Structures are given as structure tokens and as C-alpha cells.
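K.L.:
Structure here, sequence nowhere to be found:
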């Protein structure tokens, strides 16, 4: 991939989500892959994808991906768990031969690596003692209802030999979008969701955040697990995805400065306002895009 | 309107909402206007309207209304606060000369009637006592963010001479859709919303439920107001709308049995499942409709 740096047009990474949640993936990409041009598209006119059917989600995701390809994207990052879970093959067909990264496989791979760490941690250090049974890694996935119903994480983790339990947490996205990321009500709802999940999966030792909104709740999730006396390794699929993309590209990718363009299909003011907390920095101008529908 | 009953085709009432919330309006219509044919359309592929722009909402609402007109609707009921608040003139233009009923004006009119009741209640009964200043009716409107931002209720109530305060309650719809209508977390969130609203409007004595999801929370809202030592008259805009439609039509409208057809643009299983609690009875078959987009 050395020819990338000799291209006259800047190396362009298209990042797509149904809304602004995918900005947590962009936030993770920026320090790992500097010197690229990013185009972020939030399909805010048609969100949330989480409550829609596979056919509808595929249609929306493919039309959004086509826009990014038309803008010259050299790779696509589908920074949306629902679109990845329900429409990745359709997006890959539409984008071929441009490579497409979803958020689910990287999250599952990170859980596998974490599992190896857990196994190493539980290896007996003194050989004279009878060896303990190593803790089997067990992944608890928190996600939206649509992502859970697709069982995309369950399949990806099971394929890697990891036992997994999925827990739908439909109230977390509205709570994050309401800005209640440090609110006692959110803490109580997290306590309810995690308690219910741990009844079903008492041996879970790895928590996978399977929604791009959830990284904003990471500190509260950690506190809740501590209060439940059940600390876990937390895997952020946004961070895992950025690392997977970075490991696929030569470094440095170019000598140009990092640039970002933002597009939303509706409500650009809300996008700009809420997006800042997801991206961790103010967004430059957000352009309104009409994809029809 | 006596000719209605002599029509060969059944008198048809088209009821439209972005989702299944409008089923609370249909639920109120059925006993008030029996012997009609109802066609309910939930534009579930494109919900929620509440986070979208005026232009997008108008486009969606007009295309949905056209479907109901094509199916032979004799009147249209826009059982959606957001579509009424942001797109009623566009829908009326598209439907003319078919009459169109929104949910906002009937809710405001019901508050005015309630205001008259309050004034009567506070009239001094014994003429020897110095007359007390009658309580001025003050309406607190609970609604989604989009409905509040449109100020449609504020304008409608102010035009009727009623002081009003609007309060956005963005978490209530997801809580109702999660089925947490009798959950302590919902009670706590209602307590927070109502406490905030009463700080701003301490003289409020009439509560207007400005979202078709909220009637399901009516018992909990009443309990919360009691616990806050601030009981209020509660006006359900779904009920008020049904009464406004009924008062416009001759009774009985025909001798045919009441019939209902249900259409949704996506997720018909969820529609059927959740819709039952909104309608208060099981739904007959829900048909999938593609409006494009």
C-alpha cells in the first residue's frame, strides 16, 4: 500500500453512522491515523436505524456509503453497530474493491485478545501449587435492541471460541443524547441493566460496548461494575475499530495535515451541538446533505 | 353532512402518526365514532419525527397523508403532535377539500374549557364573603423536544388567552416504548421533569399531555403530581382530538360495523406487539407499506 502516499488526492477515509455516535470512532481514528482526509456522514434524517428492518437499514446504509465513495473515499469505516450487524455484506458489495471496516469484528477480536490476557493472568505462577482451572473468558455485550436481535456479536464471538451473552440496553442512547451521562437516573438504569445481565451471565469477565454511544458512559459503567462488586475488562468497539483500521494502513499515510468534512442529512445544529461531546472537540462546519427519502 | 350515511363506500377515517403513539387517538375515536372504517398508518420506517427538521417532517407527513387519501379517507386525523405542530398547513393543502384534524388545537380548546371549570370552582359561593381573586388557569404542556421547539401549543393556548409553559420530556417516549410504564425509574424521571417544570410554572393548574405516548403514563403522572403536593387537571390531547372529530360528524355515521386496517412502513411485528398496549386491544393484521425513502 506504499503507493498511497504518492497519490495527488489526499488519502480519504469515509466514516458513516446513522447519527453522531460514530464520532466516537472518528475520535479514536484521528490520533491513530493522522494526515488523512476524513469525511464523516451522519444519516440523521433517517435515524435511528436500531428500530428498522434489515432491508430498510441496508437501503439506507448503501445509499450513504455511495455518497462517501462518490466523494473519493479510499476506505470506508461503518461506524454504526446496527448497519454493520445488518448490512455489512450489502455495503461491501456496493463498495468493492474499496475496503470496508465494520465495528463488530474488531470488537470481537479485541475481546479475544483480552481473553488471552485473562488466561495469562490466571496462570499459576508457582509450579509447586496444583494448577487452578484458568478463568474462561466470557464476554458480556451491551448493545441496542436491533444489534442484539441480529446476534452479530454473538456469532462473531462464538466463531472466535468465546462464550458471549448479549444484553439490549434501549434506554442508554436516549439518555446519552439527553446529556445525562453523569446523572443518577442513568446510574440507576445502568445498575438495572447490568444486574439483569449478570444474573444471566454470572461468569462474565469482559464487557464489550457494542454501541458507539456507550463510550461516553464508560466512567459510569466502571463505577457501576465496582458497586456491583463485579469489575470487568471493558472493550470499546470504537477504539478497537480504529486500531484495526490503523493496522491496515502504512504510517505515516501522507504528509498533509489532518482534515475533516462533516455531513448530516438533517438537524445539523443538533449534530454540531451534540457531536462536540462525542468527538471530544468542536466540529467544523456541518453540511446538510439530501439523500432523498 | 347527512349524505354521508347514504354513501355506498363506508365512511372512512384516515389516522396518521409517525409510529404507534397515534393508536391512543384511535383508541379514543373508536367508542365515540363507531360504524366507521378506520385506516391507521404508522410511518415507522421514518420515525421518530421529533428529531427531524420541519421540511423533512412535512415531506414525510404529506406522503403519508396522500396514501390515506388514495385509500378513500373522507377525513384525516393527524394523530401526531410533531406532524401537527410542524406540517399541518402542508397536509391541509395536500388534502383539500378533505377536512384535516390535528391534535394540538383540540388539546388547547379542552384546556380552555377546563379553565372555565377552574374559574367556576373558585367562584365564591357565599356572597357575604369578600370575593377571592379567581385562580387564573395556567397550562403546563408536556411534549417532545420537537413539539416544544415548535411552540405550537404555546401559540394555540396564548391565542385562547391562556398562559402556558412548555416542558420537553425527551426520555418519556423511549421509556413507554421500553414498556416501563409502571417502573420506579420512570417515576423518578417524571418527578424530575415535573419538579423542573413547576419551578418555572408554580401556578400551573392544568396539565396538557402533548404527546400521544403520554396517555399510557397518565396514572403515574397523577401519582407523581400527588406526591409533589401539586394535583392538576390532566388533559389528554388524544381524547380531546377524538371528541373534536366526533362533534364534527353526524351520529350514527352509518349502520356498518366498525372496521380497522393497519399499515406500517417498517417493523410490523414491533408495531403489532407494542401497538396492543396503545390501542388497548389486540391489533388485527398490520400490512407493510413502502412509501420509499
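P.N.:
Structure received. None of the values given here were measured: they were computed from a predicted structure.

K.L.:
Is chain B within reach of the strand or helix carrying residue A:220?
P.N.:
Take DSSP states H and E as the rule and residue A:220 turns out to sit in helix A:218-227. No. Helix A:218-227 does not reach chain B (C-beta under 8 Å from any C-beta of the partner chain); its nearest approach is 14.2 Å. For every residue, glycine as well, the C-beta is placed using N, CA and C.

K.L.:
Now the element after that helix, going C-ward?
P.N.:
Going down the chain from helix A:218-227, the next helix or strand is strand A:233-236, by DSSP H and E.

K.L.:
Report the contact partners of residue A:57.
P.N.:
A:49, A:82-83, A:86-87, A:146 (C-beta atoms under 8 Å, 6 or more residues apart in numbering or on different chains).

K.L.:
Report the buried residues of whichever strand or helix holds it.
P.N.:
For residue A:57, the host element (DSSP H and E) is helix A:54-70. By neighbour count on 16 or more other C-beta atoms under 10 Å in any protein chain shown, the buried set for helix A:54-70 is A:56-65, A:67-69.

K.L.:
tell me what the helix holding residue A:220 is packed against?
P.N.:
helix A:184-200, strand A:206-209, strand A:233-236 (3 or more C-beta pairs under 8 Å, 6 or more residues apart in numbering or on different chains; DSSP states H and E).

K.L.:
my guess is residue A:46 contacts residue A:289, does it?
P.N.:
No. The pair residue A:46 and residue A:289 fails to qualify as a contact (C-beta atoms under 8 Å) at a distance of 11.6 Å.

K.L.:
shared neighbours of the two, which are they?
P.N.:
residue A:265.

K.L.:
Give me the more crowded residue out of the two.
P.N.:
A count of neighbours by other C-beta atoms under 10 Å in any protein chain shown puts residue A:46 above the other of residue A:46 and residue A:289, at 26 against 18.

K.L.:
Would you check how far apart that one and chain B are?
P.N.:
Separation of residue A:46 from chain B (C-beta to the nearest C-beta, to the nearest Å): 7 Å.

K.L.:
what's the answer for residue A:15, then?
P.N.:
Separation of residue A:15 from chain B (C-beta to the nearest C-beta): 21 Å.

K.L.:
And for residue A:159?
P.N.:
Residue A:159 is 28 Å from chain B, by C-beta to the nearest C-beta.

K.L.:
ditto for residue A:226
P.N.:
21 Å.

K.L.:
quick one, which of the helices and strands packed on helix A:218-227 is packed in tightest?
P.N.:
Most buried of those, by mean neighbour count (mean count of other C-beta atoms under 10 Å in any protein chain shown): strand A:206-209, with a mean of 27.

K.L.:
which residues sit against that strand?
P.N.:
With contact meaning C-beta under 8 Å, 6+ apart, strand A:206-209 is reached by A:107-108, A:110-111, A:114-115, A:118, A:137-142, A:153, A:157, A:215, A:218, A:221, A:225, A:232-238.

K.L.:
Let's see that with 7 Å instead.
P.N.:
A:107, A:111, A:114-115, A:137-142, A:153, A:215, A:232-237 (C-beta atoms under 7 Å, 6 or more residues apart in numbering or on different chains).

K.L.:
what are the pairing partners of it, and which direction each?
P.N.:
strand A:139-143 (parallel), strand A:233-236 (parallel) (DSSP bridges).

K.L.:
Mean pLDDT added to these, as a markdown table?
P.N.:
Shown next, in a markdown table, are the strands paired with strand A:206-209 (pLDDT from 0 to 100):
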| stretch | mean pLDDT |
| --- | --- |
| strand A:139-143 | 97 |
| strand A:233-236 | 95 |
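
K.L.:
which stretch among those comes nearest residue A:283?
P.N.:
strand A:233-236 (20.7 Å; C-beta to C-beta).

K.L.:
Dead centre of chain A: give me the residue that sits there.
P.N.:
Nearest to the geometric centre of chain A sits residue A:238, at 3.6 Å (C-alpha atoms, centre = their mean).

K.L.:
measure it to residue A:170 for me?
P.N.:
Distance, residue A:238 to residue A:170, using C-beta to C-beta, to the nearest Å: 19 Å.

K.L.:
swap in residue A:83?
P.N.:
Computed as C-beta to C-beta, the residue A:83 to residue A:170 distance reads 17 Å.

K.L.:
who's more crowded, these two?
P.N.:
residue A:83 (29 against 21).

K.L.:
wait, doesn't the more buried one sit right on residue A:49?
P.N.:
Yes. Using C-beta atoms under 7 Å, residue A:83 is in contact with residue A:49, at 6.1 Å.

K.L.:
Next one: the nearest residue to residue A:228 once chain neighbours are set aside from residue B:162, what distance?
P.N.:
Counting by C-beta to C-beta, 6 or more residues apart in numbering or on different chains, residue A:228 lies nearest to residue A:194, which is 6.1 Å off, once chain neighbours are set aside. Here the criterion is C-beta to C-beta. By it, residue A:194 lies 45 Å from residue B:162.

K.L.:
which stretch of helix or strand covers whichever residue of the stretch 51-200 of chain A sits closest to chain B?
P.N.:
Proximity to chain B, evaluated over the stretch 51-200 of chain A using C-beta to the nearest C-beta, is greatest for residue A:174 at 4.3 Å. Following DSSP H and E, one finds residue A:174 within helix A:172-177.

K.L.:
Enumerate the residues of the stretch 151-293 of chain A near chain B.
P.N.:
A:170-171, A:174-175, A:178, A:185, A:188-189, A:266-267, A:270, A:292-293 (C-beta under 7 Å from any C-beta of the partner chain).

K.L.:
Between the buried residues of helix A:54-70, which sits nearest residue A:15?
P.N.:
Comparing the buried residues of helix A:54-70 against residue A:15 with C-beta to C-beta places residue A:68 closest, at 7.9 Å.

K.L.:
what mean pLDDT does stretch A:22-40 have?
P.N.:
Computed over stretch A:22-40, the mean pLDDT rounds to 96.

K.L.:
On the three-state scheme, residue A:165 is what?
P.N.:
Put simply, residue A:165 is strand when judged by DSSP: H, G, I helix; E, B strand; the rest coil.

K.L.:
neighbours of it, just the number please.
P.N.:
Counted with other C-beta under 10 Å, residues neighbouring residue A:165 total 18.

K.L.:
and it, what are its bridge partners?
P.N.:
residue A:140.

K.L.:
Read off the pLDDT value for it.
P.N.:
The model reports residue A:165 with a pLDDT of 98.

K.L.:
what residues are up against it?
P.N.:
Each residue near residue A:165 by C-beta under 7 Å, 6+ apart is listed here: A:140, A:197, A:200-201, A:204.

K.L.:
how about the strands in chain A?
P.N.:
Remark: strands assigned in chain A by DSSP state E are A:12-17, A:37-42, A:75-78, A:100-101, A:139-143, A:164-168, A:206-209, A:233-236, A:259-264, A:286-288.

K.L.:
I'd like to know which of those is closest to residue B:283.
P.N.:
Closest among the strands of chain A, once you apply C-beta to C-beta, is strand A:164-168, at 23.2 Å.

K.L.:
hang on, the earlier thing: next, format the residues of the stretch 151-293 of chain A next to chain B as CSV and append pLDDT.
P.N.:
CSV is the format used below for those (pLDDT from 0 to 100):
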residue, pLDDT
A:170, 91
A:171, 95
A:174, 90
A:175, 94
A:178, 88
A:185, 96
A:188, 96
A:189, 97
A:266, 84
A:267, 79
A:270, 83
A:292, 70
A:293, 56
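
K.L.:
among the residues you listed, which two are most distant?
P.N.:
Across those (C-beta to C-beta), the longest gap, 41.3 Å, separates A:188 and A:292.

K.L.:
follow-up on the earlier one: what residues do residue A:83 and residue A:49 have in common as contacts?
P.N.:
The contact sets of residue A:83 and residue A:49 overlap at A:18, A:57 (C-beta under 7 Å, 6+ apart).
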